[in-house]
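K.L.:
Got a predicted structure here, sequence first:
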Number of protein chains: 2
Amino acid sequence: MTVSIKDVARAAGVSPATVSRALSGGKVSAELRAQVEDAVHRTGYRPNLSARRLRSQESQTIGLIVADICNPFFTAVARAVEDEAYKAGLRVILCNTDENPEKESMYLQLMEEERVTGVIFAPTRATAGRLGKLRLNYPIVLIDRADIASGQDAVVLDNAAAATMLVEHLHGQGYRHIAGLFGNASTTGIERHAGFTAAMQRLGLQPESRFVAPSIEAAEAEIASWLSHGHAPEAVVASNGLLLMGVVKAIRAAGKRIPEDLAVAGFDNESWTELAGPGLTVIEQPVAEIGRTAMHLLLERLETPGAPVRKVVLGGRCVVRGSTKAVQPLLA
Amino acid sequence: MTVSIKDVARAAGVSPATVSRALSGGKVSAELRAQVEDAVHRTGYRPNLSARRLRSQESQTIGLIVADICNPFFTAVARAVEDEAYKAGLRVILCNTDENPEKESMYLQLMEEERVTGVIFAPTRATAGRLGKLRLNYPIVLIDRADIASGQDAVVLDNAAAATMLVEHLHGQGYRHIAGLFGNASTTGIERHAGFTAAMQRLGLQPESRFVAPSIEAAEAEIASWLSHGHAPEAVVASNGLLLMGVVKAIRAAGKRIPEDLAVAGFDNESWTELAGPGLTVIEQPVAEIGRTAMHLLLERLETPGAPVRKVVLGGRCVVRGSTKAVQPLLA
DNA sequence: TTGAAAGCGCTAACAC
DNA sequence: GTGTTAGCGCTTTCAA
């Protein structure tokens, strides 16, 4: 039924090895190469990647495991990873964990069975911790989230510094009662919380923080509760794009205004943040750079397995928009 | 280095065949099964999927080829497809074409090399047309876009009816000068344009249409041009979520207001459409249903290769929001 | 039930 | 340069 390399060899009047060599750019005379190409065309031959991978013992494939590719942050990172992988002749298997540790385990195991050459991974806190014990048969580069001393290469944002930028900006605009909303599943939330808290204290302000599930709904419910109980702060900082959207939805649903009733700042410069309300003040992450760097770290790790573990920390940029406008003119 | 089924067999004191049977749920005595499981654990054995696929001649894998998974429409569809595939014990390889026919060809060929059992595909117009001639070694189910008589199973939205709903709603709100903005790469754009035009004519209105590349930027540039030349219509219909976002961005950038200066309606009920301006009136597609149906069509096609080609047409729902509010009170 | 042996389609070692 | 041969890791006859 299916046409194999033997069929092509027969059609071209050469040996299977010659076909293999011709197709993989090995040393073959121009004459035979032409015959092979012709035979490939005539027979409609398609190499069987499973056979090739089995025989050559290399999958030419990497795994990319993220929480949710639809999160624009991961989208952009994934895009950069794929571009770099493609240049290096590697295929990418994409996996979405939905921040679910069981799915993470499953995919980590699946990647072993696929015999991937390496994995780029944005783990939950639960998994990041036990990654060292897992003895996977491939190297991992962590992105976005990285436990202290996880023993893995990693590329992350300077989360504490970014949170500090947001707090200082809000403070500069005259806001004093500032609350923070953080995701409870990732180390990112922890780090941003730490930066937020430290910056608030440094400014002599009382930090107020909530950890919620990393979903629009969870953030929306939390803010709705603040608003309906009448104990909302003057400003809120959301630690990622999902939470930020939940915040905005809750404010709209309550019929309140940004920033008059509640100022808003957050992470991730997603395209809709420009369109919502008066525009949202956000931290823009160097997403493409994160993806590129992760891929490079992985390639270098593959070349030099014994090299010391490396962690690359990148800085964010604060994009100021209307959602943090000073409500009352400040006194000089 | 890597541990194979032979190593497990040796460790368990049985033959490789018994290990294989034990792992795939074949007939094995409880005693040996326990020994095998123990040996698997001790050796850290992971089955090699390439070898399994090669030997069994079935990949247990389907391909899902879409324009861009980050487009929320495809995101939701993909999610439903993956859920159904998972239930059926199938893996999903996801491919993004960016509406680029060359990438489509490449992925179509790659799917052959991966020996997938089937493919779910949202093709560009260019590729949809020549799909019949391609003689791929797997069945295809088309989603979202489907050429007349492409000879493939398909599940699509009733695009003409949906466009008609939008036109009639705008007309009912008092708008008369209505322009349409359509994607130029897919049959979807064509069908929505046809529905739009027919509905406008039926109402005795002059349809005005523009076809642009399916990107935020293209839509933004087009609308910006209308606005700056001062010949903007009263209302605009955008034929998908990307174009819709471009429209909103352009209106904001020009400092105009929705719907007072330009009313807006479009396709795809993405989460940001609720947040932008006064909320955007959109057609909501039954995204999960589309994905589920596509997967079912594919599974049935695999069971019954000779069955007649089927096309499932699903209806959309019009979600009315502030972007199409009647500006002046209508006379009775 | 279990084991021995063959072979999926391919590439790489070795001979010529 | 080219062909012959062996074997990657697995499943699946076929015997026992």
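P.N.:
Arrived safely, thanks for sending.
K.L.:
which residues of chain A fall in strands?
P.N.:
In chain A, the strands defined using DSSP state E lie at A:61-66, A:91-96, A:118-121, A:140-143, A:153-157, A:178-183, A:208-212, A:235-238, A:263-267, A:281-284, A:311-314, A:317-319.
K.L.:
got the ones you listed as CSV, with distance to DNA strand C, mean pLDDT and mean neighbour count columns?
P.N.:
(C-beta placed from N, C-alpha, C; glycine too.) Converted to CSV, the strands of chain A look like this (distance: least, CB to the nearest atom of the strand, whole Å; pLDDT from 0 to 100; neighbours: other CB atoms under 10 Å in any protein chain shown):
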stretch, distance to DNA strand C, mean pLDDT, mean neighbour count
strand A:61-66, 15, 98, 24
strand A:91-96, 15, 95, 19
strand A:118-121, 19, 98, 26
strand A:140-143, 25, 97, 26
strand A:153-157, 27, 96, 24
strand A:178-183, 45, 98, 26
strand A:208-212, 50, 97, 18
strand A:235-238, 50, 98, 30
strand A:263-267, 45, 98, 28
strand A:281-284, 44, 98, 24
strand A:311-314, 33, 96, 14
strand A:317-319, 45, 98, 14
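K.L.:
Quick one: closest of those to DNA strand D.
P.N.:
Proximity to DNA strand D (CB to the nearest atom of the strand) singles out strand A:61-66 among those, at 15.6 Å.
K.L.:
burial count for the closest residue to A:E168 other than its chain neighbours?
P.N.:
If the residues on either side of it in the chain are set aside, A:E168 comes closest to A:A199, at 6.4 Å by CB to CB, 6 or more residues apart in numbering or on different chains. As a burial measure, A:A199 scores 23 neighbours (other CB atoms under 10 Å in any protein chain shown).
K.L.:
So A:A199 sits against A:A163, correct?
P.N.:
Yes. A:A199 is in contact with A:A163 according to CB atoms under 8 Å; the separation is 6.5 Å.
K.L.:
Pretty sure A:A185 sits against A:T127.
P.N.:
No. Between A:A185 and A:T127 there is no contact under CB under 8 Å: 10.0 Å.
K.L.:
residues near the closest residue to chain B within chain A, how many?
P.N.:
Residue of chain A nearest chain B, by CB to the nearest CB: A:W272 (3.6 Å). Using other CB under 10 Å, A:W272 has 20 other residues around it.
K.L.:
Equivalent analysis for A:K256, please.
P.N.:
Quick note: A:K256 (other CB under 10 Å) scores 14 neighbours.
K.L.:
and it, what does it touch?
P.N.:
A:227, A:262 (CB atoms under 8 Å, 6 or more residues apart in numbering or on different chains).
K.L.:
Please tell me how far it sits from A:A326.
P.N.:
Distance of A:K256 to A:A326, given as CB to CB, to the nearest Å: 18 Å.
K.L.:
Show me which residues of chain A are close to DNA strand D?
P.N.:
Contact residues, chain A versus DNA strand D (CB under 7 Å from any atom of the strand): A:13-18, A:21, A:27-29, A:31-32, A:51, A:54-55, A:57.
K.L.:
residue ranges for the helices of the stretch 101-250 of chain A, please.
P.N.:
Per DSSP state H, counting those that start in this stretch, the stretch 101-250 of chain A carries helices over the ranges A:101-113, A:125-130, A:159-172, A:187-202, A:216-228, A:241-253.
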